[in-house]
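[1] below are the sequence and a predicted model for it; my questions follow.
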Amino acid sequence: MAATRSLSHTVAVITINYPPVNALSSPVRHALIKEFGEATKDPSVKAIVLAGANGKFSAGADIREFSTSALKTISLEDMNETIEASRKPVVAAIEGVALGGGLELALACHYRVANVQSRVGLPEVLIGILPAAGGTQRLPRLIGVPAALDVIIRGRHVPATEALQLGIIDEVVQGNAVNAAILLARKVIGSNLDKRRLSTNYVPSNPNMESFLDTAVEKAKKQFRGAQAPIACIEAVRASVQKPYKHGIEKERQLFTSLWATGQPQAQQYAFFSERNVAKWTHPSGGRWDTVTPKPVRTAAVIGLGTMGRGIATSLAKANIPVIALEQDAQQLEIGKKAVNGLLEREAEKLLKQGLAPGTVLAPVHFTLHFAELRDVDLVIEAVYENTELKKEIFRKLKSVCKPDAFLCTNTSGLNIDEIAAVTNHPDLVIGTHFFSPANIMRLLEVVRGQQTSLTTIATAMTLGKTLGKVSVLVGNCPLFVGNRLLGPYVDQANYLLEEGCYPEDVDKVLEDFGITMGPFRMMDLAGLDVGWRARTEKGLTGNKVLHGTPARQRLGNRYSPLPDMLCELGRFGQKTGKGWYLYDKPGGRIAHPDPWVKDVLHKYRNTHHIKQRPASPEVILERCVYALINEGFRVLEDGIASGPEDIDVIYNNGYGWPKYRGGIMYYASTVGLGKVLDVLEKYHKEHPDVPSMKPAFLLKKLVAVGEPPIKEWRTQVGNLVHKL
Ligand SMILES: CC/C=C/CC(=O)SCCNC(=O)CCNC(=O)[C@H](O)C(C)(C)COP(=O)(O)OP(=O)(O)OC[C@H]1O[C@@H](n2cnc3c(N)ncnc32)[C@H](O)[C@@H]1OP(=O)(O)O
């Protein structure tokens with residue numbers, strides 16, 4: 001049964017029971033209406049409590065139903081109206097989550113009681129839609145427009161204690177919310193419910209409301225660049241102000257329909273499910289997430305307390321895993337300790353605000369200079385800077401101090417895991433973890449399997465990622481793994497566009513207007529141009545190792561742009577030096593100004609190399625940069641480094657500022673049409689055979705040849721391909 005009913009004296013308790021998250025699917029809506037109808041008719045029932053089984057009220061509408069006809073059966077809002085109209089008081093007992101339609105259902109109830117650990121919210125905006133079951137109409141009526149907008153536009157999960165302060169919840173309890181709701185229900189039997197029916201109230205307004213909402217639209221346009229759902233949310237809330245409820249509901253419906261037609265909800269829902277699917281990892285050997293048991297990680301160590309190590313140590317402590325943090329000398333240890341303690345204090349403040357005792361959630365971090373103290377930990381994350389020799393030296397030490405079954409992780413953004421694993425006695429226990437900075441905040445984790453990494457090690461690292469609240473993607477071991485590997489051809493195209501006549505701000509603007517958080521030049525300035533320069537120097541692409549007589553714009557017969565090297569040779573490393581592709585007010589400044597010096601250098605460069613200036617159109621800029629990413633994405637799939645397009649998309653959405661409303665780079669390719677991507681790449685490659693990264697990938701050609709199957713079928717084609725190679 002999708003919903004059950006029991007009786008506690010005069011109170012009927014209706015419980016949604018639809019694992020895993022009590023989504024309000026068609027069977028649930030039917031069952032709720034049936035149980036509710038019977039409770040309403042039953043004269044022995046004087047009040048009703050609505051609850052969710054297994055400690056979760058409800059995660060809202062069943063997202064999988066959106067593209068089916070099931071949504072049309074009984075609408076959520078019809079059900080909510082029935083509940084709100086009840087003459088018997090209805091109390092929502094919120095445990096776990098009441099999200100989206102779940103909160104909308106609770107808002108239709110006359111009272112709401114929540115457990116202190118629960119969260120409520122209207123996160124629809126995060127899946128490209130708006131709360132369309134009365135949420136944009138009832139919430140402003142309950143807590144006013146500014147507070148409602150803040151909750152709706154950001155789609156945030158509001159902790160129960162904050163929800164109580166905002167007025168969303170009537171009562172927060174430490175214990176069982178259902179028992180507390182039953183008590184409240186008994187108390188309010190026979191009371192007047194008129195004011196508790198939110199749809200009958202008016203939204204508090206003031207003369208500045210319209211201009212407040214106009215400003216909100218302008219802000220949202222800037223903040224969410226191209227995402228339509230936040231704007232629709234504001235317009236729906238606007239429709240609630242001083243208007244009858246029915247008017248607003250009609251507007252909600254219209255906005256939902258127009259949003260659906262933009263394609264953004266479908267892209268964001270693909271992104272939502274992809275994030276869940278990547279947890280269901282598979283290994284080329286046949287090992288899978290559901291057949292391998294992870295080992296528990298009760299204690300962990302972090303080596304190196306630079307930016308990455310601090311974030312990782314904080315992340316572990318936040319997940320209640322005691323940490324031993326190790327540095328090489330007393331001074332570094334002291335600096336690291338201060339930084340980690342600062343981060344932990346901020347976490348403790350957040351917990352206190354949520355009414356939670358930090359001591360029960362945050363595990364201790366112990367700081368040390370001695371490797372011997374790592375002898376008992378279950379897992380080590382080495383997070384020293386990117387240098388294979390240094391990492392190998394540390395792993396040699398770990399081999400002699402750690403217990404033989406300790407898992408050893410190396411945090412790297414692209415070094416060879418196998419080379420590091422080879423210096424240990426148990427390469428099967430070694431795995432790469434590529435955290436993103438700041439590691440205590442960024443959600444993405446690339447988990448990199450080496451040749452010998454065991455399935456148990458993979459399962460343990462993936463589970464640890466989940467415990468840390470990360471979205472973890474299992475990838476294969478190749479230089480730069482997935483995320484950074486794709487950046488190479490993308491940045492190359494951006495550099496070539498400069499050579500041919502564009503300026504950094506032209507290229508960045510096109511990609512930022514497309515929705516990418518930061519264009520390639522602003523991104524490089526932020527990351528530090530010296531990082532790539534050092535790597536190119538080591539590879540012999542620039543610096544003293546380049547053979548005398550090598551043409552400036554060629555390496556090994558392929559096109560090469562020396563422009564970024566030229567900037568670095570002049571000490572222009574980006575934001576940190578106050579100069580890079582842009583000019584900043586001061587070293588460390590954040591506001592990028594187009595730099596006349598860069599323009600001048602580009603003019604001179606083009607003259608020196610006899611390059612005719614041909615500024616590219618926005619369409620060409622977009623295609624060249626984005627299709628370069630897509631093509632490398634197909635190569636990553638061919639090489640078996642990522643196991644499906646979703647993996648690449650999750651990495652780009654969560655680590656590289658790709659707009660989620662475009663689904664991901666591979667999803668975007670599927671919406672543009674693979675045939676078109678192939679044509680553009682083929683044309684470009686014909687004109688520039690010296691840019692091998694733009695040679696269309698075999699898999700792309702194959703998918704076009706088999707009739708461009710939908711993205712969910714690409715995995716099968718990859719499988720066939722890998723078997724044939
Ligand atoms: C008229 C239309 C009106 C619509 C209003 C709406 O209600 S739209 C939906 C709004 N709700 C949400 O956006 C909530 C989405 N879910 C979450 O944020 C999280 O899943 C959670 C509820 C916070 C639970 O997180 P947790 O990390 O514990 O679990 P998972 O995220 O891994 O989810 C477990 C499985 O449940 C599936 N799932 C979650 N929410 C929904 C949903 N609303 N509909 C359908 N399925 C949902 C999720 O896909 C997981 O499935 P698996 O098959 O196990 O991977």
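    Yes, it's here.
[2] for the rest of this, base every contact and every neighbour count on C-alpha atoms.
    Will do.
[3] what residues does the stretch 301-450 of the chain have near the ligand?
    Within the stretch 301-450 of the chain, no position is near the ligand by C-alpha under 6 Å from any ligand atom.
[4] quick one: secondary structure of Asn425?
    Three-state call for Asn425 (DSSP: H, G, I helix; E, B strand; the rest coil): coil.
[5] doesn't Leu398 make contact with it?
    No: using C-alpha atoms under 8 Å, Asn425 is not in contact with Leu398; the gap is 9.9 Å.
[6] ok, those two, which is more surrounded?
    More neighbours surround Leu398 than the other of Asn425 and Leu398, with 23 against 15 (other C-alpha atoms under 10 Å).
[7] list the contacts of that one.
    Neighbour list for Leu398: 371, 424 [criterion: C-alpha atoms under 8 Å, 6 or more residues apart in numbering].
[8] in terms of helices and strands, where is it?
    Following DSSP states H and E, one finds Leu398 within helix 388-401.
[9] what residues sit buried inside that helix?
    Within helix 388-401, the residues scored as buried using 16 or more other C-alpha atoms under 10 Å are 388, 391-392, 394-396, 398-399.
[10] what's the following helix or strand after that helix?
    Using DSSP H and E, the helix or strand that follows helix 388-401 in sequence is strand 407-411.
[11] what pLDDT does the model give whatever residue of the stretch 501-650 of the chain ends up closest to the ligand?
    Proximity of the stretch 501-650 of the chain to the ligand (C-alpha to the nearest ligand atom) peaks at Glu646, 13.3 Å away. Looking at Glu646, its pLDDT stands at 98.
[12] name the nearest residue to it, sequence neighbours excluded.
    Once flanking residues are discounted, Glu646 sits nearest to Ser274: 5.3 Å by C-alpha to C-alpha, 6 or more residues apart in numbering.
[13] run through who's touching the lengthiest helix in the chain.
    In the chain, taking DSSP state H as the definition, the longest helix is helix 330-353. With contact meaning C-alpha under 8 Å, 6+ apart, helix 330-353 is reached by 161-162, 305-306, 310-311, 313-314, 318, 326-327, 357-358, 362, 367-369.
[14] tell me the first helix or strand C-terminal of the helix or strand containing the residue of the stretch 501-650 of the chain closest to the ligand.
    Following DSSP H and E, the helix or strand that holds Glu646 is helix 645-655. Next helix or strand after helix 645-655 toward the C-terminus (DSSP H and E): helix 665-672.
[15] any low-confidence regions in the stretch 201-350 of the chain?
    Within the stretch 201-350 of the chain, no range satisfies pLDDT under 70.
[16] distance of the closest residue to the ligand within it from Ser472?
    With C-alpha to the nearest ligand atom as the measure, Arg276 is the residue of the stretch 201-350 of the chain nearest to the ligand, at 4.8 Å. Arg276 is 10 Å from Ser472, where distance means C-alpha to C-alpha, to the nearest Å.
[17] equivalent analysis for Phe436, please.
    From Phe436 across to Ser472, the span is 11 Å (C-alpha to C-alpha).
[18] what residues are shared contacts of these two?
    With C-alpha under 8 Å, 6+ apart, Phe436 and Ser472 have common neighbours 444-445.
[19] pick out whichever of these two has more residues nearby.
    Remark: of Phe436 and Ser472, Ser472 carries more neighbours, 29 against 22, as counted by other C-alpha under 10 Å.
[20] and the residue nearest to that one when sequence neighbours are not counted, how many neighbours?
    Setting aside the residues directly before and after it, Ser472 is nearest to Leu445 in space (C-alpha to C-alpha, 6+ apart), at 4.6 Å. Per other C-alpha under 10 Å, the neighbour tally for Leu445 reads 26.
[21] likewise for Pro89?
    Residues near Pro89, counting by other C-alpha under 10 Å, number 27.
[22] was I right about the residue nearest to Ser472 contacting Leu468?
    No: with contact defined as C-alpha under 8 Å, Leu445 does not reach Leu468; the gap is 9.8 Å.
[23] so Gln451, which state does it fall into?
    coil.
[24] my read: it touches Asp418, true?
    Yes: using C-alpha under 8 Å, Gln451 is in contact with Asp418, at 6.4 Å.
[25] more neighbours, those two?
    Neighbour tally, Gln451 and Asp418, criterion other C-alpha under 10 Å: the higher count belongs to Asp418, 20 against 15.
[26] roughly how far does the more buried one sit from Gly287?
    Separation of Asp418 from Gly287 (C-alpha to C-alpha): 19 Å.
[27] for the residue of the stretch 201-350 of the chain closest to the ligand, helix, strand, or coil?
    Per three-state DSSP, Arg276 ends up helix.
[28] can you count the residues close to it?
    The burial count assigned to Arg276 is 13, neighbours taken as other C-alpha under 10 Å.
[29] same question for Pro404.
    Around Pro404 there are 15 residues (other C-alpha under 10 Å).
[30] any idea how far the nearest residue to it once chain neighbours are set aside lies from the ligand?
    Once flanking residues are discounted, Pro404 sits nearest to His426: 7.8 Å by C-alpha to C-alpha, 6+ apart. Distance of His426 to the ligand, computed by C-alpha to the nearest ligand atom, to the nearest Å: 32 Å.
[31] His426 and Thr457, how far apart?
    11 Å.
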